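[1] No sequence on hand, only this structure:
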Ligand code: ASP
Ligand code: CP
C-alpha cells in the first residue's frame, strides 16, 4: 500500500510487505518509545484524537506516540462534549476538523463510522476502533508482540497455534487480528467461544482460504491445548442490546494460575487487548497470573507506542528523517527491570 497520506481504516489494506514495513519502522522507533532518545521530526504538526467511545490505551498511546515524534495532540472525547450532541453530522465534523490538523485518529461506536468520516476529508484518518468492525492498529501491535515474544519473524510463524478466546463475535480486535494473521504462513487457529459468540463466518472463511487450519470449540481446555499464543478477550457488553444477555457469558472463560498450569502448554504466552474485566465473575485473565513471565499484556500495551509512531511516520512521510533531530533524553527515566517490561 502507499502509506503517504493514506487513511488506515482496515487490515484489508495491508499485505505482508506492508506489515514488514510497519514493523521495520516500529523497530527503529524503540529507542524513542522507551525514552532513551528523543526526536522532533514532527515538530509543528497537530493530531486530533476524536474518541466517541471509552478508551484508555488507544487514545493515550496515540497521543504519546505523536508527542514522542515531536507533534502536538488535541482531543475531544464523548459525543456530549462535541458539537455532534447539537446534531452536527460526521461529514461536517470531518470537514471542519480537517482544516485544523495534519492527521486524525477516531474511535466511533458504529461499524463503518470511521470510514464514513474519512470519506469526507483529505487529511489521513486512522481507525481507533469502529463499533464491532475493526481495530487495525491493535492487531498490528498484537502481531508485533507475538513476533517479539516468540522471537520469530513474521515469515517464521508458520505452524504456530494461536487460540482466540471469548467474545469473538463482537470483538473488533480479534476481527482485525484474524485478518492480519491470515497474511502469515499457515497457522493453526483455534476460536474458543460460546456458539452464540463465535467468530463471524466470513473471517473463518478468509483464514481457511489462506491455507490456515481453523478449529472452533466451546471448550477452554480443548481450545488452549498446545496453543503457543492465547489471546483472550472481554465480553463486549456495550454491543449487546440488554446487559443481562452479556451477563450470561461473562466469566465463561477465566484463566487463572491453576487453569494455566493444568491446561496450557508450558511457556504459552497470554495476550489480551485490554481492558481485562477485573470484576468478580469475569476475570478473563486473573490477577493471580500477574507474576508470570508468560503474561505479556503489559509488554503488549507498551508495544502500542512504537507501532503507532511507525504509522504516523509512514503516513506523514518522515520515516527516513526520524533520526536527524535525535538526541539522548535529559530527564529521569526509570530503569526497565520488571517482568512486564519490554524484552
Ligand atoms: N479495548 C479494545 C477495544 O476497544 C478491547 C475491548 O474493549 O475489550 O476494542
Ligand atoms: N485495547 C484498547 O483499545 O484499549 P482501550 O479501549 O482502553 O483504548
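    Received, thanks. Note that the structure is a prediction, hence the values are computed from the model and not measured. Numbering: from 1, shown residues only. Ligands and ions are numbered 1, 2, ... in the order given.
[2] average pLDDT for the helix or strand where residue 129 lies?
    Counting by DSSP states H and E, the element that carries residue 129 is strand 125-130. Averaged across strand 125-130, pLDDT comes to 98.
[3] so who does residue 39 touch?
    Residues counted as contacts of residue 39 (Cβ atoms under 8 Å, 6 or more residues apart in numbering) are 32, 68-70, 322-323, 325-326. C-beta coordinates here come from the backbone N, C-alpha and C atoms, glycine included.
[4] pLDDT for the residues you listed - can I get that in CSV?
    Compiled in CSV, these are given as follows (pLDDT from 0 to 100):
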residue, pLDDT
32, 97
68, 98
69, 98
70, 98
322, 97
323, 97
325, 92
326, 96
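[5] Model confidence for the residue in the stretch 151-300 of the chain positioned nearest to ligand 2, exactly?
    Here the stretch 151-300 of the chain gets closest to ligand 2 at one residue, residue 273, 4.0 Å apart by Cβ to the nearest ligand atom. Per-residue confidence at residue 273 stands at 98 (pLDDT).
[6] show me the contacts for it.
    Per Cβ under 8 Å, 6+ apart, neighbours of residue 273: 135, 138, 142, 171, 173, 233, 300.
[7] let's see 10 Å
    57-58, 129, 135, 138-139, 141-142, 171-174, 176-177, 231-234, 297, 300-301 (Cβ atoms under 10 Å, 6 or more residues apart in numbering).
[8] which of the residues you listed come close to ligand 1?
    129, 135, 172-173, 234 (Cβ under 6 Å from any ligand atom).
[9] How many neighbouring residues does residue 144 have?
    Applying other Cβ atoms under 10 Å, we find 22 residues neighbouring residue 144.
[10] should've said residue 196
    Counted with other Cβ under 10 Å, residue 196 comes out at 11.
[11] Phi, psi for residue 112 please.
    When read as degrees, to the nearest 10, the backbone of residue 112 gives phi 90, psi -10.
[12] now the residue of the stretch 101-250 of the chain found nearest ligand 2, what's its secondary structure?
    Relative to ligand 2, the nearest point of the stretch 101-250 of the chain is residue 138 (5.4 Å; Cβ to the nearest ligand atom). Following DSSP: H, G, I helix; E, B strand; the rest coil, we place residue 138 in the helix state.
[13] Please apply the same query to residue 74.
    strand.
[14] And the pLDDT for it?
    pLDDT at residue 74 comes out at 96.
[15] Setting the sequence-adjacent residues aside, check what's closest to it.
    Using Cβ to Cβ, 6 or more residues apart in numbering and skipping the chain neighbours, the partner closest in space to residue 74 is residue 48 (5.3 Å).
[16] Correct me if wrong, but the one you found is in a strand.
    Yes: assigned with three-state DSSP, residue 48 falls within a strand.
[17] Point out where the stretch 201-343 of the chain drops to low pLDDT.
    Applying pLDDT under 70 to the stretch 201-343 of the chain flags residues 337-343.
[18] need the residues of it near ligand 2, please.
    Counting by Cβ under 6 Å from any ligand atom, the residues of the stretch 201-343 of the chain close to ligand 2 are 273-275.
[19] Of those, just say which sits nearest to residue 105.
    Distance to residue 105, by Cβ to Cβ, is smallest for residue 273 among these, at 16.3 Å.
[20] Where does the closest one fall, secondary structure wise?
    Applying DSSP H and E, one finds residue 273 in no helix or strand.
[21] returning to what we had before: as JSON lines, the residues of the stretch 201-343 of the chain next to ligand 2 with distance to ligand 1 would be great.
    Formatted as JSON lines, these follow (distance: Cβ to the nearest ligand atom, whole Å):
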{"residue": "273", "distance to ligand 1": "4"}
{"residue": "274", "distance to ligand 1": "6"}
{"residue": "275", "distance to ligand 1": "6"}
